[in-house]
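Undergrad: Please find the sequence and the predicted model below.
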Amino acid sequence: MVCQFLDELQRIIDERIEHGDSRSYTRMLVNGGVDLISKKVGEEAVEVVVAAMRDDRGWVVRETADLMYHLLVLLRFMGIKFDDICEELVNRHTARVGAHG
Ligand SMILES: N=c1c2ncn([C@@H]3O[C@H](COP(=O)(O)OP(=O)(O)OP(=O)(O)O)[C@@H](O)[C@H]3O)c2ncn1[C@@H]1O[C@H](COP(=O)(O)O)[C@@H](O)[C@H]1O
């Protein structure tokens, strides 16, 4: 299963980056620039690691959702689409399959 909502979330994030007001968390993040967004991505990544070390699957799922959202904000802030990441993953796979015959 692929998460089709990722596309929708990316669109929502783009809309908030363009037109978000003071009620928008995304807009608040973007106002802080790459420093604030990157800091949040780092914090959320650490929280995923802590949850995994505690062997708590539900917690890992919730923290990974936080991480994915913040990562998407960082990507869109930098003009990168999630499709660009997919393309990179496909290219790596294709190269590996080619190398192993
Ligand atoms: N998926 C998310 C999402 N996940 C997490 N968060 C926010 O990310 C923050 C997580 O920060 P922390 O875990 O550090 O908790 P915190 O201590 O409350 O946050 P800080 O004060 O440290 O920033 C919380 O404020 C969450 O509300 C999100 N905020 C928004 N979205 C999506 O983005 C859309 C647009 O949101 P707005 O920009 O707020 O309109 C929403 O409809 C959602 O679909």
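TA: In hand now; what should we look at?
Undergrad: Up against the ligand, what does the chain have?
TA: Counting by CB under 6 Å from any ligand atom, the chain comes close to the ligand at Leu9, Ile12, Arg16, Gly20, Ser24, Tyr25, Thr26, Arg27, Glu43, Asp66, Tyr69. No exception for glycine: its C-beta is placed from N, CA and C like everyone else's.
Undergrad: for the helix or strand containing Val49, packing partners?
TA: Here Val49, judged by DSSP states H and E, is contained in helix 33-53. Judged by 3 or more CB pairs under 8 Å, 6 or more residues apart in numbering; DSSP states H and E, the packing partners of helix 33-53 are helix 25-31, helix 57-77.
Undergrad: Now mean neighbour count too, for these, in CSV please.
TA: Below are the helices and strands packed on helix 33-53 laid out as CSV (neighbours: other CB atoms under 10 Å):
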stretch, mean neighbour count
helix 25-31, 17
helix 57-77, 17
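Undergrad: how about a markdown table for those helices, with mean pLDDT added?
TA: Compiled in a markdown table, the helices and strands packed on helix 33-53 are given as follows (pLDDT from 0 to 100):
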| stretch | mean pLDDT |
| --- | --- |
| helix 25-31 | 97 |
| helix 57-77 | 98 |
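Undergrad: helices and strands of the chain: which one has the lowest mean pLDDT?
TA: The helix or strand of the chain with the lowest confidence, counting by mean pLDDT, DSSP states H and E, is helix 82-100 at a mean of 92.
Undergrad: ok, and for that helix, which residues are buried?
TA: Phe82 (16 or more other CB atoms under 10 Å).
Undergrad: OK, contacts around Ile85?
TA: Neighbouring residues of Ile85 by CB atoms under 8 Å, 6 or more residues apart in numbering: Leu75.
Undergrad: I should have written Ile37 there, sorry.
TA: Neighbour list for Ile37: Leu29, Val30, His70, Val73, Leu74, Phe77 [criterion: CB under 8 Å, 6+ apart].
Undergrad: just those now: which is nearest Arg92?
TA: Arg92 lies nearest to Leu74 out of those, by CB to CB, at 20.7 Å.
Undergrad: Spatially, and excluding backbone neighbours, which residue is closest to that closest one.
TA: Leaving out its chain neighbours, the residue that sits closest to Leu74 by CB to CB, 6 or more residues apart in numbering is Ile37, at 4.8 Å.
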